[in-house]
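Q: Got a predicted structure plus its sequence, pasted below:
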Amino acid sequence: MPEEKRYHGRNGPQHARRPFPGGRSGPHRTHRDDHPVAGGSASGATGSSARDPREGGLAHAHGPTRDGRGGPHAAGRGRGGRPHRARSPEKRLVHHRASVEESEIIPPIGDAIRIIHLGGVEEVGRNMSLVEYKDDIIVIDLGFQFKEEHAPGIDYILPNTKYLEDRKDKIRAVVVTHGHLDHIGGAPYILGKIGNPKIYARLLTTLMIAKRQEEFPGEPNPNMEVVEKDATIKISENISLRFFAVTHTIPDAMGVIIDTPYGSVVHTGDLKLDHVNGIPTSDEEVRFKQFEKERVLLLMTDSTNVERPGFSIPESTVNNTIEKLVRDLPGRIILGSFASQLERAMKIIEFAERYGRKVIVEGRSMKANIAVAEAAGYLKHRKDTVIGLEEMDNYPPNKILILATGSQGEEFAALMRIANKTHKHIHLNKNDTVILSSSIVPGNERSVQNLKDRLSRLGAHIVHYQVSDIHSSGHANGDETLWIHKKINPRFFIPVHGYHYMHTVHADIAQKAGILSSHIVIPDNGMVIEIQDKGQKITALKEKAPSNMVMVDGFSVGDVQHVVLRDRQTLAQDGMFVVIAIVDMTTGRLRKSPDIISRGFVYLRESQELLREARFLVKKTIEASTAGARPINFDFARDKLTDDLSRFLLQKTAKRPIVIPVLLGV
Ligand SMILES: [Zn+2]
C-alpha cells in the first residue's frame, strides 16, 4: 500500500520533502528537471537492471525547450574539469551572483562616446550593445542565445546586463533592429531589470516582442513605439536616432543611426544585400546612398557570414527555385524551414495559393510567426489557403503543402515526428517530396543526417540546399560586406555578431575598404570601448563591464548555476546509479535484495561482480546505520549510503556517477 511506504529520495530538499504519488513507477525519464530522478518506486516496473542493460544517453533526460528546440545533445563531449557531487541540498539553491561590482570601477565617461557589447560578440546570438554619451544610454537589441554544449539542459543564455542595471536612469531608448530571437528573445528577462525603458522598433518587431511577452504575464508590459524606417527621433540635446531599412530574412529589419556631437554611430543589425549576380539592386543603392553625405564616426555591422566568399545566394533565386517545385512536383510537399525565415514562409504560402495548393502549418514557432505576419497585414492570402491538419484528407496529395519546422532534426519538432512515424496525421510515402529549405547549423550535422536517413527510409524524395538553391542565409558574405563598408565609409569600425575569428576576418575586409587598422577594435563581451578626444581616437579600456554568462533554465534566471550544471555534466560523463531498497521499519533490515538501476555508467550485464558487491555494500551500510535506531533515521542512512557507495564505485570503476538512493520504509 503506497500510503504505508515512506519514500526517501536524495538530491535536494524538493524531493526529500515531496510526497511521491502512489503507484507511479520507474524513474520519470522525460522530466525536465535538474534532478535526475523525480520519482522512484519499488514496484516491479523498475526491476533490476541486471536484466535491463539499456544504456540510456542524456538525450532523454531533457524534454524540448519551450520553443520546441530540444533535440539530441552531444552528451559527453569535451567537458572540462571533473565535477563533484553536491554535498548538501542547500548548495543546490545558491545562485552565484555576479562577483565583484566590476562596473563600479570603470572610470567616469567624461566626454567620450562609450560602446559596450553585453553579448553577441563572442558568439552568434544574445545580441545586445549599448552606446553611451554623457547622461544618455541607447541600447541596441535584447537578444538571447540558445544553449551551448557546455551548458547541458540550459535553455537560453542572456547578455549580462549588470552595467545597465547600475545605470538604469540613464537609459533613454532601446532600439530593436528586427524580430529574430537573438535580438528580441531576452526582452522578457531583461526589460524589468533595466527599468522597462522605451523600445523603438518597426511594426512587425513590436508585434513579435508583444507576442513573446504574453508568455510572461508577471513581467512589465513593454513600452514600445513603432518607428517608420525614415523616422528621426530626438532623444536628448546630444542624441537623436534615425533608422534605415535593411534586407534580412524577416520583414521590417532595420539599422539605426545614432547622431552624436562627434558624428553618427551606425549599427546595421543583421543584414545582407539584395542583388543580381553580385550587383546590388537599385533599392540597396538608394538605401546606402544616404551615407555618402554622412559623417559616419563608427560602424558596427554583422560578421556572421563574412568568412564566406563572394555574394550570398539572393533570396529571389531561392524563391524562383521553390516556386518551380511548388508548381511542378506531382505529389505532396513537406517543406521544412526555419521559423525565423519569415519572409520565405510568406512567399511559400503565396506560391501555394498561386498553384492551388492548400497549406498546413506544423510547428509552434512557425505558426506563431505566421500569425504575427498576418496581424501586421504583411501576409495576405485567401481564407481557405491555410487549412487545418484535419482537413488534409479532403484534398488530393498534389494540392497539399505542409510547412514544418524541424529541418535541423530537432527531436520533437514536426519534421522529426513525421520521419519517426510518430506524427498522428502525416504519414510519408514514396510520392511525397521533402524540401529542406535551410542550411545545417554547425553542430547539427548528425541530427540532420539522421533526419534525412529516416525520411528516405520512408521512401520520400528529398531536396536539400546542397543540391538545389532552396536556401540562403540572411547574412552578408565577404564581398557584400566589403560593398557595405565602402558605402558607409566610417572613421572607426567594430565588427559585431559572431565569434572572434569572424571578427578578425571582418577587420581584414574593413581594411580593404580603407579603414586604418588603428581605427578598428575587435570587441569582447563586456569590453569598454571609447571614442575619445572629440571623435579622434578609439580605444578599449582595461576595465570591463560584467560579462559572465547569465542563463535561463526553465523559468528561473541566474548567473551560472554551478551545481545544476555540474550535475548535468556528471550525468553526461559518468551517468547515474540508483539504488532502491525496501527497509523493514521494525527490524531495520532489508526486505529483499536492493534493486539497482543505472544509466550511462557501466554496462551492467557485464558487471555482475560489481553489482553483487554493490548490493552487499548497500545492505551492510543500511543495516549498520539503522541498527538500534527507532524510529529509523532515513536521512542519515541515505547520506551514509550515498557516501559509501560513491566511494566504492569510484574505487572500482574510476567513475563518479550521481548516486541516488531511494529507501522505502514498510
Ligand atoms: Zn536576424
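A: Here it is on my side, so go on.
Q: residues in this protein within reach of the ion, list them.
A: 180, 270 (CB under 5 Å from the ion). Glycine gets a C-beta too; all of them are placed from N, C-alpha and C.
Q: care to break the chain down by domain?
A: 2-94+575-665, 102-310+474-553, 315-464 (automatic domain parsing).
Q: just flag whichever of the ones you listed has the lowest average confidence.
A: Out of the domains of the chain, domain 2-94+575-665 stands lowest, with a mean of 59 (criterion: mean pLDDT).
Q: Stretch 584-601 spans what distance, first to last residue?
A: Stretch 584-601 has its terminal residues 29 Å apart, counting by CA to CA, to the nearest Å.
Q: Would you mind listing the buried residues in that stretch?
A: 585, 588, 590, 594-601 (16 or more other CB atoms under 10 Å).
Q: want to throw the domains of the chain into TSV with distance to residue 568?
A: Shown next, in TSV, are the domains of the chain (distance: least, CB to CB, whole Å):
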stretch	distance to residue 568
domain 2-94+575-665	7
domain 102-310+474-553	4
domain 315-464	17
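Q: can you tell which of those is closest to residue 569?
A: domain 2-94+575-665 (4.9 Å; CB to CB).
Q: Could you report the neighbour count for the residue of the stretch 501-650 of the chain found nearest the ion?
A: When distances are taken as CB to the ion, the stretch 501-650 of the chain reaches nearest to the ion at residue 502, 15.1 Å away. Around residue 502 there are 21 other residues, counting by other CB atoms under 10 Å.
Q: now swap in the one 3 residues further on and tell me
A: Other residues near residue 505 come to 18 when the count uses other CB under 10 Å.
Q: which helices and strands does the helix or strand where it lies pack with?
A: Using DSSP states H and E, residue 505 sits within helix 500-512. Secondary-structure packing of helix 500-512 (3 or more CB pairs under 8 Å, 6 or more residues apart in numbering; DSSP states H and E): helix 478-488, strand 492-496.
Q: what comes up buried for that helix?
A: Quick answer for helix 500-512 (16+ other CB under 10 Å): 502-503, 505-507, 509-510.
Q: and whichever residue of the stretch 51-200 of the chain sits closest to the ion, how far is that from residue 388?
A: Nearest residue of the stretch 51-200 of the chain to the ion: residue 180, at 3.6 Å (CB to the ion). Using CB to CB, to the nearest Å, one gets 28 Å for the distance from residue 180 to residue 388.
Q: So those two - more neighbours on which side?
A: residue 180 (27 against 10).
Q: So what does the more buried one have for phi and psi?
A: When quoted as degrees, to the nearest 10, the phi and psi of residue 180 stand at phi -80, psi 150.
Q: how about the helix or strand encompassing residue 316 as PDB, C-alpha atoms only?
A: Using DSSP H and E, residue 316 maps to helix 315-328. Taking Å, rounded to 0.1, in the frame of the first residue of the first chain, the C-alpha atoms of helix 315-328 are listed here in PDB:
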ATOM      1  CA  GLU A 315      16.500  35.300 -51.900                       C
ATOM      2  CA  SER A 316      15.000  35.900 -55.300                       C
ATOM      3  CA  THR A 317      16.900  32.900 -56.700                       C
ATOM      4  CA  VAL A 318      15.700  30.800 -53.700                       C
ATOM      5  CA  ASN A 319      12.100  31.900 -54.400                       C
ATOM      6  CA  ASN A 320      12.300  31.000 -58.000                       C
ATOM      7  CA  THR A 321      13.500  27.500 -57.200                       C
ATOM      8  CA  ILE A 322      10.900  26.900 -54.600                       C
ATOM      9  CA  GLU A 323       8.200  28.300 -56.900                       C
ATOM     10  CA  LYS A 324       9.100  25.800 -59.600                       C
ATOM     11  CA  LEU A 325       9.000  23.000 -57.100                       C
ATOM     12  CA  VAL A 326       5.600  24.000 -55.800                       C
ATOM     13  CA  ARG A 327       4.300  24.300 -59.300                       C
ATOM     14  CA  ASP A 328       5.800  21.100 -60.800                       C
END
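Q: So what touches that helix?
A: Contacting residues not belonging to helix 315-328 are listed as 247, 249, 274, 276, 333, 335, 343-344, 347-348, 351-352, 354-355, 357, 401, 433, 435, 437, 463, 468-472 [CB atoms under 8 Å, 6 or more residues apart in numbering].
Q: In the stretch 251-400 of the chain, which residue sits closest to the ion?
A: Nearest residue of the stretch 251-400 of the chain to the ion (CB to the ion) works out as residue 270 at 3.6 Å.
Q: So the residue of the stretch 501-650 of the chain closest to the ion sits against residue 308, correct?
A: No. In this structure, residue 502 is not within contact of residue 308 by CB atoms under 8 Å, at 10.3 Å.
Q: Would you confirm that residue 384 contacts residue 356?
A: No. Judged on CB under 8 Å, residue 384 makes no contact with residue 356 at a distance of 11.1 Å.
Q: Show me which of those two is the more surrounded one.
A: Neighbour comparison, residue 384 and residue 356: the larger count goes to residue 356, with 12 against 9 (by other CB under 10 Å).
Q: For that one, which residues are in contact?
A: Going by CB under 8 Å, 6+ apart, the list of residues near residue 356 reads residue 399.
Q: Please, where are all the strands along the stretch 101-250 of the chain?
A: In the stretch 101-250 of the chain, the strands defined using DSSP state E, counting those that start in this stretch lie at 113-119, 128-133, 136-140, 145-146, 156-158, 171-175, 199-201, 224-226, 232-234, 240-245.
Q: could you dump these to CSV with mean neighbour count?
A: Below are the strands of the stretch 101-250 of the chain laid out as CSV (neighbours: other CB atoms under 10 Å):
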stretch, mean neighbour count
strand 113-119, 27
strand 128-133, 24
strand 136-140, 25
strand 145-146, 20
strand 156-158, 24
strand 171-175, 23
strand 199-201, 25
strand 224-226, 16
strand 232-234, 13
strand 240-245, 18
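Q: would JSON lines of the ones you listed with distance to residue 483 be doable?
A: Shown next, in JSON lines, are those (distance: least, CB to CB, whole Å):
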{"stretch": "strand 113-119", "distance to residue 483": "24"}
{"stretch": "strand 128-133", "distance to residue 483": "23"}
{"stretch": "strand 136-140", "distance to residue 483": "23"}
{"stretch": "strand 145-146", "distance to residue 483": "28"}
{"stretch": "strand 156-158", "distance to residue 483": "32"}
{"stretch": "strand 171-175", "distance to residue 483": "24"}
{"stretch": "strand 199-201", "distance to residue 483": "26"}
{"stretch": "strand 224-226", "distance to residue 483": "30"}
{"stretch": "strand 232-234", "distance to residue 483": "26"}
{"stretch": "strand 240-245", "distance to residue 483": "15"}
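Q: what about residue 403, which helix or strand?
A: strand 400-404.
Q: pull the CA atoms of the helix or strand following that strand into CSV?
A: Next in sequence after strand 400-404, counting helices and strands by DSSP H and E, comes helix 414-419. The C-alpha trace of helix 414-419 is given here as CSV (Å, rounded to 0.1, in the frame of the first residue of the first chain):
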residue,chain,number,x,y,z
ALA,A,414,7.1,18.3,-36.6
LEU,A,415,9.5,17.0,-39.3
MET,A,416,11.2,14.6,-37.0
ARG,A,417,7.9,13.2,-35.7
ILE,A,418,6.9,12.7,-39.4
ALA,A,419,10.2,11.0,-40.0
